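Peer 1: structure here, sequence nowhere to be found:
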């Protein structure tokens, strides 16, 4: 009887040794993140996986699309928005664990052209003629009614007195990365995107930067959803770390917090 009990104990220990690594491997955090975060967040997630073994399922799209998908019950643990409006919207729909929200990053918007364009060194200031600059071509940005980069772009152009004349020339894209692609392919003469997007696309060049005071501050809030897995809190802490800050700043984001170690 003692021998049988000993064998049973050994089996339990062995089974635990076999199952524990598998259980760790099964941990996956689902992140819904603004399209402009892709390159930087992919690198951060890879670093976190190397450190913890936790894996990621990441959906990149316009913040407007992601907020509505979460509202409709899409299984997400983390939401990273490219503006405060869509995070506020998600909070109003009771899909975000509000105490976990932090304003993590800042960015800027720039005017871009295809890399071989003759357009260069544009001074963006009151009264600049964007419509004339675009000629017969299109100007690409995110949908100005919903996509954060488009909302920032319209606000800036209205303040600078350039929106009314330029509006008919706009090609409204579903996300900032879609707008970036239109310019890189030469399907639009100009585009308005985040500076961080322009830096990762070799097919475009930055020809001008919008003054920071021409549009609302560009802020990226991050938060856990109300259905987030327990391990999400550790990941959010990692996003606030010095390691994450180093990666994010490499891609051109402005880190708005005092980083943790």
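Peer 2: Everything's here; your move. Source: prediction; values computed, not measured.
Peer 1: where do the strands sit along the chain?
Peer 2: Per DSSP state E, the chain carries strands over the ranges 28-34, 55-61, 78-80, 102-106, 109-114, 139-142, 170-173, 190-194, 204-209, 219-224, 254-255.
Peer 1: which outside residues touch the third one?
Peer 2: Contact partners of strand 78-80, identified using C-beta atoms under 8 Å, 6 or more residues apart in numbering, comprise 29-34, 37, 41, 66-67, 70, 87, 90, 96, 104, 220-225, 228, 232, 235-236. For the C-beta atoms, the positions are set from N, CA and C on the backbone; glycine is no exception.
Peer 1: and if you look at the second one?
Peer 2: Contacting residues not belonging to strand 55-61 are listed as 25, 27-35, 37-38, 41-42, 45, 48-49, 66, 69, 74, 76, 174-175, 177 [C-beta under 8 Å, 6+ apart].
Peer 1: so which of the residues you listed sit within helices?
Peer 2: Judged by DSSP state H, helices contain the following of these: 25, 38, 41-42, 45, 48-49, 66, 69, 177.
Peer 1: list the buried residues of stretch 156-165.
Peer 2: Using 16 or more other C-beta atoms under 10 Å as the test for burial, stretch 156-165 gives 156-157, 160, 162-163.
Peer 1: so which of those is the closest to residue 81?
Peer 2: Closest approach to residue 81 among the buried residues of stretch 156-165 (C-beta to C-beta): residue 156, at 19.2 Å.
Peer 1: correct me, but the closest one touches residue 216?
Peer 2: No - judged on C-beta atoms under 8 Å, residue 156 makes no contact with residue 216 at a distance of 9.3 Å.
Peer 1: where does pLDDT dip in the chain?
Peer 2: Residue ranges of the chain with pLDDT under 70: 1-25.
Peer 1: measure the residue nearest to residue 159 when sequence neighbours are not counted to residue 228 for me?
Peer 2: Excluding its sequence neighbours, the residue lying closest to residue 159 (C-beta to C-beta, 6 or more residues apart in numbering) is residue 214, at 4.9 Å. As judged by C-beta to C-beta, to the nearest Å, residue 214 and residue 228 stand 36 Å apart.
Peer 1: of these two, who's got more company?
Peer 2: More neighbours surround residue 228 than the other of residue 214 and residue 228, with 22 against 19 (other C-beta atoms under 10 Å).
Peer 1: tell me, how many neighbours does the closest residue in space to the more buried one that isn't next to it in sequence end up with?
Peer 2: Distances taken as C-beta to C-beta, 6+ apart place residue 77 nearest to residue 228, at 4.2 Å, with adjacent residues excluded. Residue 77 has 22 neighbouring residues, counting by other C-beta under 10 Å.
Peer 1: residue 33 is in contact with residue 77, correct?
Peer 2: No - at 11.3 Å, residue 77 does not count as touching residue 33 under the criterion of C-beta under 8 Å.
Peer 1: run a quick neighbour tally on residue 98.
Peer 2: For residue 98, the neighbour count with other C-beta under 10 Å is 12.
Peer 1: many thanks, I have nothing further to ask.
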